[in-house]
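[1] Okay, here's the prediction I keep looking at, along with the sequence it came from:
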Amino acid sequence: MILPAVLAVTPATVAPESTQQAIGYPSLFLLVLIGALVPVVPTGALVSSAAVVAVHQAAPFSMALVFVTASLAAFLGDVALYWLGRRGMRSKNGSRWLEAIRARAPEDRLAQAQAKLADHGVAVLVLSRLMPAGRLPVMLACLLAKWPLRRFIHGNLPACLAWTATYQLIGVLGGSLFAEPWEGVAAAVALTLLISAAPSAWRRLKPR
């Protein structure tokens, strides 16, 4: 059905649908899972790209399969990262996973996340995935607040569903506006990367 990134929209050749399904969904799952664990992969762009291809293929249930695949991968990646972070909190030497979370959670964002988490609880976790660069500061705030894994899962499940739906909608819009799949993918990727980069750019430009 889908081939994440450029493979899905190569204009020269089109793989049979059964081959695309066999390669595309596992690839999407693996890449989103890795992106949740190692926050350098643009997972939102992957989901949007997959949605663009699904729109142009017009295959039955393709959009639903993209949604389920991406949501499950994001959820399992978040839960695994949180579990690893909890292990790091209990360890005297910490862990590289915990350090990775800390490195991507600036002090000002962490302080805001802690304050909002104290006031609104699980609702902040649900919204954190929809905010650019909001997931890791809130996750670290949950770790510092010593949330049990079960409570984190309770908030993270709807967060992952809402995140997938949002980026899938971006892909649907991109796929609907352009005649060629690669054009829709390019537009969706550019928009998602712009959204992701906006908070960092704002912090650099705003007066100290």
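    Looks like it arrived, so ask away.

[2] From residue 43, how far off is residue 35?
    The spacing between residue 35 and residue 43, counted by CB to CB, to the nearest Å, is 4 Å. (C-beta placed from N, C-alpha, C; glycine too.)

[3] who's more crowded, these two?
    Set residue 35 next to residue 43 and count neighbours by other CB atoms under 10 Å: residue 43 wins out with 25 against 20.

[4] Is it correct that that one is in contact with residue 29?
    No: counting by CB atoms under 8 Å, residue 43 does not reach residue 29; the two are 11.1 Å apart.

[5] Flag the shaky bits of this structure, pLDDT-wise.
    Scanning the chain with the threshold set as pLDDT under 70 gives 1-23, 58-60, 92-94, 177-208.

[6] Following the chain onward from the helix or strand hosting residue 35, which element is next?
    Taking DSSP states H and E as the definition, one finds residue 35 inside helix 17-37. Once helix 17-37 ends, the next helix or strand along the chain (criterion: DSSP H and E) is helix 43-57.

[7] Please write out the alpha-carbon positions of that next one in PDB.
    Written as PDB, here are the backbone C-alpha positions of helix 43-57 (Å, rounded to 0.1, in the frame of the first residue of the first chain):
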ATOM      1  CA  THR A  43       7.800  10.900  12.300                       C
ATOM      2  CA  GLY A  44       5.100  13.500  11.600                       C
ATOM      3  CA  ALA A  45       6.500  13.800   8.000                       C
ATOM      4  CA  LEU A  46       6.400  10.000   7.600                       C
ATOM      5  CA  VAL A  47       2.800   9.800   8.700                       C
ATOM      6  CA  SER A  48       1.800  12.700   6.400                       C
ATOM      7  CA  SER A  49       3.700  11.100   3.400                       C
ATOM      8  CA  ALA A  50       2.000   7.800   4.000                       C
ATOM      9  CA  ALA A  51      -1.400   9.500   4.100                       C
ATOM     10  CA  VAL A  52      -0.600  11.300   0.800                       C
ATOM     11  CA  VAL A  53       0.100   8.000  -0.900                       C
ATOM     12  CA  ALA A  54      -3.000   6.400   0.600                       C
ATOM     13  CA  VAL A  55      -5.100   9.200  -0.900                       C
ATOM     14  CA  HIS A  56      -3.800   8.700  -4.400                       C
ATOM     15  CA  GLN A  57      -4.100   5.000  -4.300                       C
END
